[in-house]
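Colleague: Please work out how this folds:
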Amino acid sequence: MKRITIKNMIVTTVLLLSLGSCEKSFLELQPPTSLTPEAALATEADLQVALRGAYAGLKSTALYGRSLMVIGDMMGDNTYQSVLNTNRYTAFNSYNYTVTDGDVSGLWTASYSVILRANNIINSTIAENANIQQIKGEAYAIRALAYYNLVRYFATPYTSDPTSLGVPIITVYQADLKPGRAKVSEVYALINKDLTQAYTLMTKFTNSSQFSKYAARALQAKVYLTMGDKTNAKTAALDVITNSGFTPLTVAGHAAYWAGVAPRTDKVETLLEISFDAVANNAFDALSYIYLQSGNYGDMLCSTDLYALFEAADGRKALYATGTRGGLASIFVNKYTSFTGDHSDTKVIRFSEMYLIAAEASYPSNIADALKYVNEVTSRRGATAIASSGSILFEDIINERRKELAFEGERYLDLQRLNRNVVRSKNYPAAALSIDFTNFRRIMPIPQGELDANPNIKTQQNPGWF
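Modeller: Down below sits the predicted model:
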């Protein structure tokens, strides 16, 4: 099988862009291999088509179609693989994946494919107007999101060592490019630069399936928190809370919110989601199939220690049901309920998380604010208000994040940025109950295919994977 590398994707992306360009006479057509992004993207309509392609890339099963959400909770302590399973994500359940793992290479190649599509939009030389600025702003935000995922999985956390090797930075089209890895700090600098550009350029809100000004700002709040920059994280989160016009999800609307399958235009809760419908969906590879029991794979279950955190009156608890699978007592995840017709969308950035970011960023300098913002969430879920102090308050805030964002792909990445060991319940394999923060498998390897194709990255494999 031909390996997919960054170089392969650069050429393929330009060829795909040529299919969406405006018609020309036969004599004016250039050979496909010489068609530049500038020629392929010659009009505003071309850019709009390319933008749809960038969003489509995020639907990949390797990204928000399924893997990011499953792996982000499985490599932590929220979701585990049932004894009755279809052998999907087994290596992450047991922490024994390798440099040739298909899910690892899928995350790498799908992310760079999205980045290349965004780059061609960003670098377009079409004369700018409000529409072009909006399109470019969305492309900047998409590129930032892709790099944010890559650097969190394939590099040492910023909070541990910002000078360590991150991931290759590609911002231009160059078919023979073979980039080495930039520093973690350099990748985050690009992400923040892109998000500032996105925030500046965008003026329109269409619906929750597209980036908007405040979705970009919300992503930046997440980025700053990941960097341990509490001051900027709080500022960005409060900007979204105060100025975006969004309203948070309430307990009364909780069940209907998660059962909904269409992008929202009402600015309730969802700042960004990846939209799937009856035509554009991942079919049997959809996220809902891996969790739902009836007529689906149902491989993934909720860990017992996560379920124990929910009080009886907590509206979120209704998303989880107890039962039996493979002869064992199990807790089923019903957060993604639609798998036929209009499929469940994947929530990427939610308004309620902004309160959780503001709460965590307020600790320990402003305890009153930390309590105020975390209880903006508990009060809307039917949960008991948090009233703790000191280090217990911090743990309560982190646990509230765990409950609120469960099965949305955030838990493992929280443990990474907090430099914490993964301590799992007995639902997991005995050999993978405790994964120390220093374990080399806490950082994904650069895929073997990329090492083989790129001499400049061949000597830059992550420690332990040699």
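
Colleague: ok, Val333 to Leu201 distance?
Modeller: Look at Val333 and Leu201: by C-beta to C-beta, to the nearest Å, they are 37 Å apart. Heads up, the C-betas are built off the backbone N, CA and C, glycines and all.

Colleague: Between those two, which is the more surrounded one?
Modeller: Val333 (25 against 21; other C-beta atoms under 10 Å).

Colleague: What residues are bridge-paired with the more buried one?
Modeller: With DSSP bridges applied, the residues forming beta bridges to Val333 are Tyr320.

Colleague: Would you state the strands of the stretch 351-466 of the chain in chain order?
Modeller: Assigned by DSSP state E, counting those that start in this stretch, the strands in the stretch 351-466 of the chain fall at 422-423, 434-435.

Colleague: Pull out the buried positions in stretch 365-372.
Modeller: The neighbour-count check on stretch 365-372 (16 or more other C-beta atoms under 10 Å) flags Asp369, Ala370, Leu371 as buried.

Colleague: Now flag whichever of those residues is closest to Ser391.
Modeller: Ala370 (12.1 Å; C-beta to C-beta).

Colleague: about what we covered before: need the winner for burial among the strands of the stretch 351-466 of the chain.
Modeller: Neighbour counts (mean count of other C-beta atoms under 10 Å) averaged over each of the strands of the stretch 351-466 of the chain peak at strand 422-423, with a mean of 17.

Colleague: related to what we said a few turns ago, just put the buried residues of stretch 365-372 in JSON lines and tack on pLDDT.
Modeller: Shown next, in JSON lines, are these (pLDDT from 0 to 100):
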{"residue": "Asp369", "pLDDT": "98"}
{"residue": "Ala370", "pLDDT": "98"}
{"residue": "Leu371", "pLDDT": "98"}
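
Colleague: Which of the residues you listed fall within helices?
Modeller: If you go by DSSP state H, these have Asp369, Ala370, Leu371 in helices.

Colleague: Verify the contact between the first one and Ser362 for me.
Modeller: Read it as Asp369. Yes: here Asp369 reaches Ser362: they are 3.8 Å apart, a contact under C-beta atoms under 8 Å.

Colleague: burial of Asp161, as a residue count?
Modeller: By the other C-beta under 10 Å criterion, the neighbourhood of Asp161 contains 13 residues.

Colleague: Poorly predicted segments of this protein, please.
Modeller: Scanning the chain for pLDDT under 70 picks out 1-35.

Colleague: So which residues of it form strands?
Modeller: Taking DSSP state E to define them, one finds strands in the chain at 79-81, 270-274, 300-302, 320-325, 328-333, 346-350, 422-423, 434-435.

Colleague: Is it possible to get TSV of those that adds distance to Thr156?
Modeller: Formatted as TSV, the strands of the chain follow (distance: least, C-beta to C-beta, whole Å):
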stretch	distance to Thr156
strand 79-81	24
strand 270-274	27
strand 300-302	28
strand 320-325	34
strand 328-333	31
strand 346-350	24
strand 422-423	16
strand 434-435	15
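
Colleague: Ok, which of the ones you listed comes nearest Tyr291?
Modeller: Nearest of those (C-beta to C-beta): strand 328-333, 4.3 Å.

Colleague: by contact count, what packs against that closest one?
Modeller: Packed against strand 328-333 by the contact rule (3 or more C-beta pairs under 8 Å, 6 or more residues apart in numbering; DSSP states H and E) you find strand 300-302, strand 320-325.

Colleague: other SSEs contacting the longest one?
Modeller: This points to strand 320-325. In terms of contacts (3+ C-beta pairs under 8 Å, 6+ apart), strand 320-325 is packed against strand 328-333.

Colleague: what about Asp452, distance to Ile446?
Modeller: 11 Å.

Colleague: Which one of these two is surrounded by more residues?
Modeller: Neighbour count, other C-beta under 10 Å: between Asp452 and Ile446, Ile446 has more, with 25 against 12.

Colleague: gap between that one and Thr163?
Modeller: Separation of Ile446 from Thr163 (C-beta to C-beta) stands at 18 Å.

Colleague: Repeat that for Phe276.
Modeller: From Phe276 across to Thr163, the span is 39 Å (C-beta to C-beta).

Colleague: closest to Ile135 among the buried residues of stretch 365-372?
Modeller: When the buried residues of stretch 365-372 are compared for distance to Ile135 (C-beta to C-beta), Asp369 comes out closest, at 37.1 Å.

Colleague: ok, the closest one - contacts?
Modeller: With contact taken as C-beta atoms under 8 Å, 6 or more residues apart in numbering, Asp369 is in contact with Ala358, Ala359, Ser362.

Colleague: okay if I get those as TSV plus neighbour count?
Modeller: TSV is the format used below for the contacts of Asp369 (neighbours: other C-beta atoms under 10 Å):
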residue	neighbour count
Ala358	27
Ala359	29
Ser362	23
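
Colleague: what would the residues you listed look like in a markdown table with distance to Ile132?
Modeller: A markdown table is the format used below for those (distance: C-beta to C-beta, whole Å):
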| residue | distance to Ile132 |
| --- | --- |
| Ala358 | 34 |
| Ala359 | 38 |
| Ser362 | 39 |
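
Colleague: out of Phe276 and Thr163, which sits in the busier spot?
Modeller: A count of neighbours by other C-beta under 10 Å puts Phe276 above the other of Phe276 and Thr163, at 24 against 11.

Colleague: Excluding chain neighbours, what is closest to that one?
Modeller: His343 (4.0 Å; C-beta to C-beta, 6 or more residues apart in numbering).

Colleague: close enough to count as contact, that neighbour and Val261?
Modeller: Yes: in this structure His343 lies within contact range of Val261 using C-beta under 8 Å: 6.6 Å.

Colleague: any common contacting residues for those two?
Modeller: Asp277.

Colleague: These two: who's more crowded?
Modeller: Comparing His343 with Val261 by other C-beta under 10 Å, the one with more neighbours is His343, at 24 against 18.

Colleague: which ones are touching that one?
Modeller: Val261, Phe276, Asp277, Ala278, Asn281, Asn282, Ala286, Ser288.

Colleague: which of those count as buried?
Modeller: Val261, Phe276, Asn281, Asn282, Ala286, Ser288.

Colleague: which of those lies closest to Val423?
Modeller: Each of the buried ones among the contacts of His343 was checked against Val423 using C-beta to C-beta; the closest is Ser288, at 28.7 Å.
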